[in-house]
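Chemist: Could you look at this predicted model? Sequence included:
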Amino acid sequence: MPMNQLIRCKNCDQVFLKSPFDSLPEYNPTPGLAPENFQTIERDDFQDFLTHHHGHQLEHLRIIEDSYVSEKAYSEPVKTSFFKATNGREKFVIKKFRERIDEPLQYQLIPGDYSLKCTAVEIQSQEISKQLKRDLTPSPSQDKIDAFLKLFRAIVEGIEVKGLERIPEDSWHPLEVYYKMDDVHLVYLLRNCRSIFKGREYSAMERFIRDHKEDGVLLLKATFEIELTEIVKPDKKKVSSFQPLEKQKVVWKK
């Protein structure tokens with residue numbers, strides 16, 4: 001569960017994610033002994049951070065909701081992710097990363113901002129083909145299915161996702177988002193289906209498009225990439241006065 005509180009050192013621009021797990025001990029196996037024999041190493045990561053930044057000015061940052069993006073799937077443990085945080089006056093980009101699975105997560109404050117750029121909009125070709133064969137009886141020939149997919153792709157090429165309704169369902173990858181096709185293009189798709197399907201087959205295609213336009217195989221998959229813009233800040237004047245960190249309640253979100 002992510003925590004919506006960070007601590008920033010204003011002198012060093014270093015950040016620390018404070019959590020109840022900071023003081024949990026580590027258990028390392030003892031070489032040459034049975035697995036049940038292990039060495040207990042006491043730790044307190046937050047206290048180490050405070051000691052390292054003794055005499056510095058510290059402040060709490062609030063993580064901005066729905067700002068999380070990542071270059072890899074949610075389930076991938078080794079990846080680089082970004083989210084945004086604020087102290088109420090400024091906004092910051094926080095880079096969350098680790099290079100090996102046995103390393104602790106690291107957090108780095110980056111001056112600047114990031115945005116998502118849409119790089120591709122695709123139709124779900126394989127899913128559409130399978131669904132057509134399941135839904136329509138008799139099943140359309142493969143030539144007709146291929147012709148429908150070609151028509152669908154041609155229509156989608158002229159669509160910009162910023163004008164479409166995003167489907168709120170979670171995706172396995174933070175850079176893959178599904179959108180519902182707008183009614184104007186759906187009507188255009190259906191009208192052009194008359195050149196491929198006739199009679200009862202066309203009526204079946206009309207039902208197919210109506211049944212799957214909201215949350216089915218006709219959803220469009222958009223792929224994004226992260227564009228990070230870093231700002232080079234002038235050197236700070238040294239902050240010498242100590243400013244204790246105010247106590248704040250730690251809030252967790254599922």
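Modeler: Now that the structure is in, tell me what you want to look at. Numbers count the residues shown, from 1 in each chain.

Chemist: So which residues of the chain form strands?
Modeler: 5-9, 14-16, 26-29, 38-41, 58-63, 69-70, 80-86, 91-97, 106-110, 112-122, 165-166, 176-180, 220-230 (DSSP state E).

Chemist: Of these, which stretch is the most buried?
Modeler: strand 5-9 (a mean of 21; mean count of other C-beta atoms under 10 Å). Every residue, glycine included, has its C-beta placed from N, CA and C.

Chemist: got a list of contacts for it?
Modeler: 14-18, 49, 53, 56-63, 85, 87, 92, 94, 107, 109, 245, 248, 250-251 (C-beta atoms under 8 Å, 6 or more residues apart in numbering).

Chemist: Break this structure down into its domains, please.
Modeler: 5-111, 118-225 (automatic domain parsing).

Chemist: which residues of the stretch 101-250 of the chain score low on pLDDT?
Modeler: Filtered on pLDDT under 70, the stretch 101-250 of the chain yields the residue ranges 170, 233-250.

Chemist: Contacts only, for the nearest residue to residue 208 once chain neighbours are set aside.
Modeler: Distance criterion C-beta to C-beta, 6 or more residues apart in numbering; nearest residue to residue 208, sequence neighbours excluded, is residue 135 at 5.6 Å. When contacts are counted by C-beta under 8 Å, 6+ apart, residue 135 touches 204, 207-208, 211.

Chemist: if we can go back for a sec, closest to residue 232 out of the domains of the chain?
Modeler: With C-beta to C-beta as the measure, domain 5-111 is the member of the domains of the chain nearest residue 232 (7.6 Å).

Chemist: From one end of the closest one to the other, what's the distance?
Modeler: Terminal residues of domain 5-111 lie 18 Å apart, using C-alpha to C-alpha, to the nearest Å.

Chemist: returning to what we had before: where's the residue nearest to residue 208 relative to residue 147, distance?
Modeler: Distance of residue 135 to residue 147, given as C-beta to C-beta, to the nearest Å: 17 Å.

Chemist: Among the contacts of residue 135, which one has the most neighbours?
Modeler: residue 208 (23 neighbours; other C-beta atoms under 10 Å).

Chemist: Residue 129 is in contact with that one, correct?
Modeler: No. Using C-beta atoms under 8 Å, residue 208 is not in contact with residue 129; the gap is 12.0 Å.

Chemist: Overlap of the contact sets of the two?
Modeler: Common neighbours of residue 208 and residue 129 (C-beta under 8 Å, 6+ apart) do not exist.

Chemist: got TSV for the contacts of residue 135, with distance to residue 5 too?
Modeler: Listed next are these as TSV, based on distance: C-beta to C-beta, whole Å:
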residue	distance to residue 5
204	55
207	51
208	49
211	45
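
Chemist: and of these, the nearest to residue 122?
Modeler: residue 208 (19.1 Å).

Chemist: hang on, the earlier thing: relative to residue 231, which of the domains of the chain is closest?
Modeler: domain 5-111 (4.6 Å).

Chemist: Centre of the chain to that closest one, how far?
Modeler: Mean-position distance between domain 5-111 and its chain equals 19 Å (C-alpha atoms, centre = their mean, to the nearest Å).
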